[in-house]
Structures are given as structure tokens and as C-alpha cells.
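*Asks:* sequence and predicted model, in that order:
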Amino acid sequence: MVATEPKAAEKKDMAADGLSKVRNIGFIAHIDAGKTTVTERVLFFSGRTYKIGEVHEGTAVMDWMAQERERGITITAAATKTQWRGHTVNIIDTPGHVDFTAEVERSLRVLDGGVVVFDAVAGVQPQSETVWRQANRYAVPRICFVNKMDRMGANFDRTVDMVRHRLKATPIPVQYPIGAEEDFQGVVDLVEERAWFFDRVGEPGSMREAPIPEDIADAVVKVRDEMIERISENDEALMEQYLSGETPSPPELKAGLRRATAANMATPVFCGSALQSLGVQLLLDGVTDYLPSPQDVPAVRARDPHDAQVERPADQNAPFAALAFKVVTDPYVGRLVYFRVYSGRIKAGATVYNSVKRQRERMGRVVLMHANRREEVQEIGAGEIGAAVGLKNTFTGETICDEGAPVMLEAIRFAEPVISVAIEPQSRAEQDKLTDALLKLAEEDPTFRVRYDEETGQTIMSGMGELHLEVLVDRMKREFGVAAAVGRPQVAYREAVTKPARGEGRFVRQTGGRGQYGHCILTLEPGEAGTGYVFQDKVVGGAIPREYVPAVRAGAEEALRTGVVAGYPVLDVKVTLTDGTFHAVDSSEMAFKIAGSMAVKDALGRAGSVLLEPVMDLQVITPGQYLGSVLADLSSRRGRIKSMEGEGDTQVLEAEAPLEEMFGYATDLRSATQGRATYSMEFGRYDRASAAGAAAIARSA
């Protein structure tokens, strides 16, 4: 019998079937919850690696940067690909530290599912809440893994309860732990009604099936009934069965829970201990059973050149569309652009269209990444995550697509940096090398900004925290060979107006020939929080010709970058252009731009400008015996306690404090508590600075 080439329709069905076996997932969690440890076990048990990497030994495959191995934390999101039960699993391991939250943001933007790892002792921690909110923003379906069940103080039920109440989620445990702490022996699969006992002595991750222990049999029946009830609440067919007294079969329960998970109506919960390799294979089963494939999530929405909304389905035969979500500088191949293909396919060497910049780009080589190692491929299709060499002008958040069917995908939103430092090379000869290094790092990290302050003559770099900037300076030295001197961190203050004010700007220059004339009148008033700069044109009767209004707007916006209190940008302000005059010959866009700038500066002087300082939300976890010292220290830093609750001998403080007062807090907290307390901090809001503080900052500005 002669083999024949599959027909086009058959090829399409085969591709669709292959796509249904793809999972794009990320591991997200609070720092030290065990994300990288879980990832390393996943790679080992799925056969991607032959040896288990350990974070504490600096041998983790996914923590490949020198800075990550030295500090024992994840700094950059690393991507890899593996196989499990006939499924292709694309994995991104993300950082847990708040300073590197941009890595989580961009990863979640391109993932179809997430595994949220929780510490069974600490439960829901501050960064857990942050990453959960980020996942909510992009509607990413999730499953939970309660890790460290073998640690003293581990409490599965409390962690599930915290997920329900703190994260306002619907956790549905599909496993029930057999024991806890040092007696953690295994788990009961509530769907299949099977008990799995872990063998800590044999091969890593070895398990054996056994009857459900009698001492927990009643508890298992109870939690299984609760599981069936919660799954049925989200599925009409199962609800009918449940109400009629029938018990759905395991395949029906799995299908119902999978639909609820994909719709973000439920979150299956697993448990285990990644460090001891306990329960990781069952978690992988959960990834394939409950998290969606690219076909199970709604088709990605985009905008066409006419600004109309269109969809791009996860189909290999649809027009090509992909989102660039990360740029890195590789020492061997140069600039690497990571991208997620949403529709169509692309071959190495093909020409693509950057719809944001409206430029053609040549794809060059296409590679699949395994941490920092590359695997060259000829083609990559819908639902896949890869990287390209050769895209010189494509940056994070930009769309690359088929020029014949251009679309623009939703970009990625990043938080604004809150800490700035002055940086300079140790010698003039290294100035160009420093500039080159800063520009390359800024290309990679959207939360890292570099600017030159003309007034002080300093190069200023801004980031998300002290650790963020410390790591970047270390990378400059190691990767680019630039030793730089860094000044004390400066806080990114802002200014705001407190009352409406009228401003007038008149720019008149006469130089013998054609002159310059621009005159405008506008009002400045406080805007709603979070609205930024709002401009409104209320000129009537043609007092200012329409072609000059954009120039006034640009001039006003430029003037608002430098406030009158201490020279910081002005936040949340509304500018209304009300009147003005023009000259038929001498008026120009430049004249009206300058006039707009002059009018805003005139109004700012009467608008009751005040200085705003960034206020940070922080959570401090401390042993009870040090509570007094911690409270006293926070009080000395103008901190305000929002809540305090005890969990055993541990006290958890929720507080807020000005960023200016929080420099060096990590060292002071460790000293006051003999290294036993931990804290996490993230930007909360901008608030009005005290009169004395504002005066001091204005004097130093």
C-alpha cells in the first residue's frame, strides 16, 4: 500500500488536535514559596532534565543568571518546553520579588494558564495577592499548589481558606493531604477516590496507590461532597445530576471542573512538597487535566488599521499574528526577542510586519528556549512561545504580523518606577560603554528608565526598588564590563494642584522679518485620581485656529513635566483652553506651543501646588517577641499600621509608610529581630507630603 499525503482538511484537523495538546503555563507566587523548585521537579519528572537542580545549591536550570544563583532568587522569567502524557507544556518560571514584577506582568500577558504556588505555612502572602491581581487582569485560568506541606506549621485547610477570603477566589481542593508537617505521607485524589502514598526513601517522586486510611475516611467523604457541590454549581448538567441524587463520574467531574477553570469560575487546589519531590507528578496531571489549551481560551482580540476590533483564532492557517513580550541581549547571538504566536505560523527567514512602528522586519533565526539555551527550529505556529534573532526594531509589547492582514494586539501595561539613583562611570573613557549598557538594559526591562538631567548634568536611572537597581548595576559590571559609581537612591516625587487657576501665555517676537506670535488663556484644575493629563478645548469663535490647538496642548504637557514646588512632574491635572488671539502672518505652531507652556507655568503659581510622595504598602511577618521593636521602628519611619493579626506565635502587620523613610529597612529589620522577621513592600499610592518634608525637598531640589 502506498502512503499518500494528507489532504488539506485532514492537515487542519491534525493541527487542531495537536493544538489541543498544548499548555502554556507559568509558575507564579510570593518570593520563597517554591516556584523554581517546583519547576525544576517538573522538568526532571517530565524527562526534560536528567538531574534535579536545587535553588539553595545554585544548580537550578531555570535560575541561570549569576545573580540568581548567588542570591537564591529568581530575577528574570525563564522559558522552557517539555512533554507530559502526550501534551506539550510551555513553561515560564517567574520571579516572586516585587522589584521584578514586570517579569510576571509580561509573562501572564502571553500565557493561557497559571500555577499559583503557596507556602503551606505562610498561606497567602503580599506578593501572592499582587500576582493574583495580575492574573485577574489578563483573565488567566489558574490552579493552586500548596507547597511545603512537610514543614512545621503547614496547614492545608487554612491556606485554602485564605485563598477564598483574601483573594476572593473559588478554590476547589481536588486533593486531600494524608497527614501534615513531618507526618505528611501522601494525598487522596478526591476525583478518582484514590490514595497515593509518597516514598521518601526510594527514587525521587516515587508513589504507591493504597486504600484511603480509615482515620481520614469520614473527612474525605465530607470534602469530596463539598467538591462535587462546588463543581456542580458552575455546570448545569452536573447540577441536574447532583439535585437528582446521582453522583457524577470522575470523567464528568474532570470535564466540569476543566470548563469552570477555563472560565475563571473555579480554581483546583493540589498539595505536596516540591523540595522532597512529593506530589509534583500529580500536579502535572492537573496541568493537563484542568488548564486550557490555546483553543480553549477566547480568541485574542486586536485592532485593525481602521481601529475596528477583530479576532485572531488559535489556528495555524489563520493570518500570522504574534506579540513580542520580552527582549534580551544574548552574549552569543545578540538581540533575542521572545514572542507568543496567537495565530498562523512563521518560518525562519520570513519577513514580518511590525504594526506598531509600521515597519517590515526580517525574522532571521527562530529558536525555542530552555532557560538560556537555544534550540533552533525552522517554523513556529499558533499557541507556541519562541524567540527570534534579527528583529532589530521590535520592542516589548509590540505586534508582529502578516503585512497582508495587519493587526495590533493589546500592549502590556507596566508599573511606573519609584526609585532613582544617579550613576556615572568611574572614568571618562567608559562613558560610551556605560551609555550603551544602560540603553541595552532599558530595552530589556520596561520598568527600568534612564534619563539625563540637564540641570545637574547627571545620568539618572529609575527602577522598582533597591534590589532591582543593585542587580542591574551588577549586570553592567559582569555582562558589559562597566564599573559604575552609584549615588544614594532618590525618590520619584510628584506634584499636584489643589485648586483651579487661570493662566495666560503671550509669546511675541519681532525680528525685522516675519515674527512669532502666540497667545492663549487656559484654566488649570485638579483632575480625578489616576486620570493623568487631560486636555480640553473650549475655544469658540475661532479665537485660536484649530491647527494651533495641538501645539498648545503639547506645550502645556511639556510644562507640566516640571512643577513649581520642586521641579517634579505634575499628576492628575485637567487643562482647559478657553481663549486666545492669533496673528494672520506671525502665528505658528512653535509660537503657540511656547505660549501654552507659559500659560501653564503662570497658572501653576496660583493653583496651590503641593508635593506628593510615594507611599508604600508593606507587610511585616515577625515573631511575637519582637513586635514592640518592629512597631517602634515603623513609627519612627512615619509608618501607619492598617491591621495586625496573629497566627500562632507569628504576628502579621499590614502597614504603609513613605518610600523616603524605607531605605535600609531590610537591614534594620534583620538587626531588630535577629534575622527572623521578613517583609515585602510594593507601591501603594501618591500622598501629600508633610509641609516640613516638602520644604526640605524644595530646598534640596
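*Replies:* Perfect, I can see it now.
*Asks:* give me the element residue 222 is part of.
*Replies:* According to DSSP states H and E, residue 222 maps onto helix 217-233.
*Asks:* from the contact counts, what lies against that helix?
*Replies:* strand 171-173, strand 175-178, helix 236-243, helix 250-262 (3 or more Cβ pairs under 8 Å, 6 or more residues apart in numbering; DSSP states H and E). Any C-beta I mention is one placed from the backbone N, CA and C, and that applies to glycine too.
*Asks:* repeat that for 6 Å
*Replies:* If you count contacts as 3 or more Cβ pairs under 6 Å, 6 or more residues apart in numbering; DSSP states H and E, helix 217-233 packs onto helix 236-243, helix 250-262.
*Asks:* quick one: the strands in the stretch 351-500 of the chain?
*Replies:* Using DSSP state E, counting those that start in this stretch, the strands of the stretch 351-500 of the chain run over residues 351-354, 359-362, 365-370, 373-377, 379-381, 385-389, 399-401, 408-409, 419-425, 449-453, 458-463, 484-486, 490-491, 494-496.
*Asks:* and the residue nearest to residue 200 when sequence neighbours are not counted, how many residues sit next to it?
*Replies:* Closest residue to residue 200 apart from its sequence neighbours, by Cβ to Cβ, 6 or more residues apart in numbering: residue 276 at 6.4 Å. Counted by other Cβ atoms under 10 Å, the residues lying close to residue 276 total 18.
*Asks:* same question for residue 257.
*Replies:* 28.
*Asks:* what pLDDT does it get?
*Replies:* pLDDT recorded at residue 257 is 93.
*Asks:* roughly how far does residue 336 sit from residue 368?
*Replies:* Separation of residue 336 from residue 368 (Cβ to Cβ, to the nearest Å): 12 Å.
*Asks:* who has more neighbours, those two?
*Replies:* Using other Cβ under 10 Å as the criterion, residue 336 and residue 368 rank with residue 336 on top: 22 against 18.
*Asks:* whatever helix or strand the more buried one lives in to strand 373-377, inter-axis angle?
*Replies:* Using DSSP H and E, the element containing residue 336 is strand 334-343. Relative orientation of strand 334-343 with respect to strand 373-377: 50 degrees, computed using axes from the mean of the first three to the mean of the last three Cα atoms, to 10 degrees.
*Asks:* give the pairing partners of strand 334-343; include direction for each.
*Replies:* Paired neighbours of strand 334-343 in the sheet (DSSP bridges): strand 321-330 (antiparallel), strand 385-389 (antiparallel).
*Asks:* reformat these as JSON lines; add distance to residue 575, mean pLDDT and mean neighbour count.
*Replies:* JSON lines is the format used below for those (distance: least, Cβ to Cβ, whole Å; pLDDT from 0 to 100; neighbours: other Cβ atoms under 10 Å):
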{"stretch": "strand 321-330", "distance to residue 575": "34", "mean pLDDT": "87", "mean neighbour count": "23"}
{"stretch": "strand 385-389", "distance to residue 575": "42", "mean pLDDT": "89", "mean neighbour count": "23"}
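*Asks:* export the ones you listed to CSV and tack on distance to residue 105?
*Replies:* Below are the strands paired with strand 334-343 laid out as CSV (distance: least, Cβ to Cβ, whole Å):
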stretch, distance to residue 105
strand 321-330, 9
strand 385-389, 16
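*Asks:* of all those strands, which lies closest to residue 215?
*Replies:* strand 385-389 (45.4 Å; Cβ to Cβ).
*Asks:* can you classify the residue nearest to residue 200 as helix, strand or coil?
*Replies:* Here residue 276 takes the coil state, with states given by DSSP: H, G, I helix; E, B strand; the rest coil.
*Asks:* gap between it and residue 606?
*Replies:* 67 Å.
*Asks:* for residue 159, same thing?
*Replies:* According to Cβ to Cβ, residue 159 and residue 606 sit 55 Å apart.
*Asks:* cool, and residue 182?
*Replies:* Here residue 182 is placed at a distance of 69 Å from residue 606 (Cβ to Cβ).
*Asks:* those two - which one has more neighbours?
*Replies:* For residue 182 versus residue 606, the count of surrounding residues by other Cβ under 10 Å is larger for residue 606: 15 against 10.
*Asks:* give the contact list for residue 235.
*Replies:* Neighbouring residues of residue 235 by Cβ atoms under 6 Å, 6 or more residues apart in numbering: residue 256.
*Asks:* for it, give me the pLDDT.
*Replies:* Confidence at residue 235, expressed as pLDDT, is 81.
*Asks:* what distance do you get for it to residue 667?
*Replies:* Per Cβ to Cβ, residue 235 is found 53 Å from residue 667.
*Asks:* before we move on, back to that, what comes up buried for the helix holding residue 222?
*Replies:* Within helix 217-233, the residues that qualify as buried by neighbour count (16 or more other Cβ atoms under 10 Å) are 220, 223-224, 227-228, 230-233.
*Asks:* do the same with stretch 431-451
*Replies:* 433-434, 437-438, 440-449.
*Asks:* quick one: which of those residues is nearest residue 32?
*Replies:* Comparing the buried residues of stretch 431-451 against residue 32 with Cβ to Cβ places residue 447 closest, at 21.6 Å.
*Asks:* can you pull the phi/psi pair for the closest one?
*Replies:* According to degrees, to the nearest 10, the main-chain angles of residue 447 amount to phi -90, psi 10.
*Asks:* and the gap between it and residue 395?
*Replies:* Between residue 447 and residue 395 the computed distance is 14 Å (Cβ to Cβ).
*Asks:* now residue 451
*Replies:* Counting by Cβ to Cβ, the gap from residue 451 to residue 395 is 18 Å.
*Asks:* what of residue 475?
*Replies:* Residue 475 is 19 Å from residue 395, by Cβ to Cβ.
*Asks:* which one's more surrounded, these two?
*Replies:* Between residue 475 and residue 395, residue 475 has the larger neighbour count (other Cβ under 10 Å), namely 21 against 16.
*Asks:* most tightly packed of the helices and strands packed on helix 217-233?
*Replies:* Stretch with highest mean neighbour count among the helices and strands packed on helix 217-233: helix 250-262 (a mean of 20; mean count of other Cβ atoms under 10 Å).
*Asks:* residue 654 - how many residues pack around it?
*Replies:* Neighbour count of residue 654, defined by other Cβ under 10 Å: 14.
*Asks:* list the contacts of residue 477.
*Replies:* Counting by Cβ under 6 Å, 6+ apart, residue 477 has contacts residue 483.
*Asks:* tell me the predicted confidence for it.
*Replies:* On the pLDDT scale, residue 477 is placed at 85.
*Asks:* quick check: it vs residue 468, distance?
*Replies:* Distance of residue 477 to residue 468, computed by Cβ to Cβ: 16 Å.
*Asks:* what of residue 291?
*Replies:* Separation of residue 291 from residue 468 (Cβ to Cβ): 30 Å.
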